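**Student:** I would like to see how this sequence folds:
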Amino acid sequence: MSKRCPAAPARRSRPAAAALLLASLLLCACVQAPQTSQTSSRDGAAGFCTPTAGQAPQARWVTSWKTAPGDAILTHPISGLTVRQALAPHWAGETLRLRLSNRYASAPLTLDQVHIARERTPGSADLVPGSSCRLHFSGETRITLPPGASVLSDPVAYPVRAFERLSISFFVPEAAPQVSRHLNANEVLYLSVPGDHASADSGAAFQANPEGYSANVLALEALEVLAAPTVTTLVAVGDSITDGSASSTGFLNGEASPMIATDQRYPNHLQRRILAEGLPLTVANAGIGGNELLSDGWLPQFGPALLQRLDADVLEVTGAAHVLLMIGTNDFGNPQAGPTPTARDLIDGLVEVIRRVQDAGLRIVLGTIPPAAGAVTEGLIGDAPIGLMHGSAQAREARDTVNAWIRSQQLGDGIVDFAACLEDPNRPGYLAPPFNSGDNLHPSPAGYAAMAQCVDLELFRSAD
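**Tutor:** A predicted model of the protein is given here:
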């Protein structure tokens, strides 16, 4: 069994009021299932869903899809039912393996009948008939992950195509009070009626979970494929703007549309550009909504500080050769346990990230922090005071100082000026209207596409 067991980083304490707020916000939070399959539950054509010896001499494992776990607190207890969720791989391959994570849970997690299949319709629980494949872990269909563990499935022959969406299902046979999860999948999460329905082509046994804080990625960390030895992984890391908040729903603009899986995050758009250019590069998304560079998230699901999670979520990503980093708006805009960081504090943190990435033999490109004027919220939820000050004058001044440093520094291996690409030319400091999701902080799907267009692909033409 292949596993990584990074120690869960210590969190910086936050006010008790924030914990109360978390409980009220996430009372109905449900876990989400991303998992893949290995040996077939129904045998397909020759070479389909069959165990393989693993890595060929002229091939390397790369990350075709990734999410970053953030916490394992207040996930809905799951027992005796099946979870189903879909994802869009970024890189094609004929052999795959799935990485599962129990990084932040304090108890073991047992999963059974982990299946991968082709999603019949985007956002649906229905599968393409005959496409389901059951994964194994050291030859077994059931896997128990100890607290803090990460595990890879046995390699299996299963063709993967870029942006040909895959559905992941698994059965949870025992009570799972804690499951490591990634906040806000921008996907539809399905939970079944009691029983093992992991291999069922029909989605009739499943019910869609409400969007929002309950739509989390559960226990899934990455999908890896065998690729040509020239292919490498680009890790896009940051906060909700990298993660893709508001990329799959129109509710911020007053639309009533449900969450639809359209893969409109900026790393998705960047991958489409890379594929069109024929570059040997797959983009792995290590963004976490609410994440900060210097401090742990003021709500636990916002994840540990990037400085704490850098090894597990960036440096240890399979095939990693490049890093595209954009972070900092939450350091200045979110509630803090102590004094709000200064621009100098953030710059010092960025310098540390650059050093650690380059010491690991990877190249790093820095992105400027997008504008957020107008994104100021103050109020109460229960007895907890909330002040999100991303658009305040103080936050804007600090952001502008950091962006000026990013544009002038020569420590990294390049820059992407996301701020200039997204800013309203008629209202400096604000997102341009076509690029504004409606909250003055997160880009719209068009804004995420514009971010990808801002990236100079020449920065990533040289691999390891």
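**Student:** low pLDDT regions in the stretch 301-450 of the chain?
**Tutor:** Applying pLDDT under 70 to the stretch 301-450 of the chain picks out residues 377-387.
**Student:** any chance you could map the strands in it?
**Tutor:** 320-326, 363-367, 377-381, 384-388, 415-416, 423-424, 427-431 (DSSP state E, counting those that start in this stretch).
**Student:** Check the stretch 151-300 of the chain too.
**Tutor:** Counting by DSSP E, counting those that start in this stretch, the strands of the stretch 151-300 of the chain are 156-160, 166-172, 181-182, 190-194, 206-208, 217-218, 220-227, 232-238, 281-287.
**Student:** can I get those in CSV with distance to N268, mean pLDDT and mean neighbour count?
**Tutor:** (C-beta placed from N, C-alpha, C; glycine too.) As requested, those are exported to CSV (distance: least, C-beta to C-beta, whole Å; pLDDT from 0 to 100; neighbours: other C-beta atoms under 10 Å):
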stretch, distance to N268, mean pLDDT, mean neighbour count
strand 156-160, 16, 96, 22
strand 166-172, 15, 96, 28
strand 181-182, 16, 90, 30
strand 190-194, 21, 93, 19
strand 206-208, 22, 90, 17
strand 217-218, 15, 90, 30
strand 220-227, 14, 97, 27
strand 232-238, 10, 98, 28
strand 281-287, 8, 98, 28
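**Student:** In CSV: these, plus distance to D348.
**Tutor:** Output for those, formatted as CSV (distance: least, C-beta to C-beta, whole Å):
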stretch, distance to D348
strand 156-160, 41
strand 166-172, 40
strand 181-182, 28
strand 190-194, 44
strand 206-208, 44
strand 217-218, 32
strand 220-227, 30
strand 232-238, 18
strand 281-287, 21
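**Student:** Output the strands of the stretch 301-450 of the chain in a markdown table, with distance to D456 appended to each entry.
**Tutor:** Output for the strands of the stretch 301-450 of the chain, formatted as a markdown table (distance: least, C-beta to C-beta, whole Å):
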| stretch | distance to D456 |
| --- | --- |
| strand 320-326 | 11 |
| strand 363-367 | 9 |
| strand 377-381 | 34 |
| strand 384-388 | 32 |
| strand 415-416 | 7 |
| strand 423-424 | 18 |
| strand 427-431 | 22 |
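**Student:** Take the ones you listed and lay them out in TSV including mean neighbour count and distance to R273.
**Tutor:** Shown next, in TSV, are these (neighbours: other C-beta atoms under 10 Å; distance: least, C-beta to C-beta, whole Å):
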stretch	mean neighbour count	distance to R273
strand 320-326	24	13
strand 363-367	23	15
strand 377-381	11	34
strand 384-388	16	32
strand 415-416	20	13
strand 423-424	18	21
strand 427-431	18	21
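**Student:** nearest to R161, of those?
**Tutor:** strand 320-326 (22.3 Å; C-beta to C-beta).
**Student:** What strands line up against that closest one, and which way round?
**Tutor:** strand 232-238 (parallel), strand 363-367 (parallel) (DSSP bridges).
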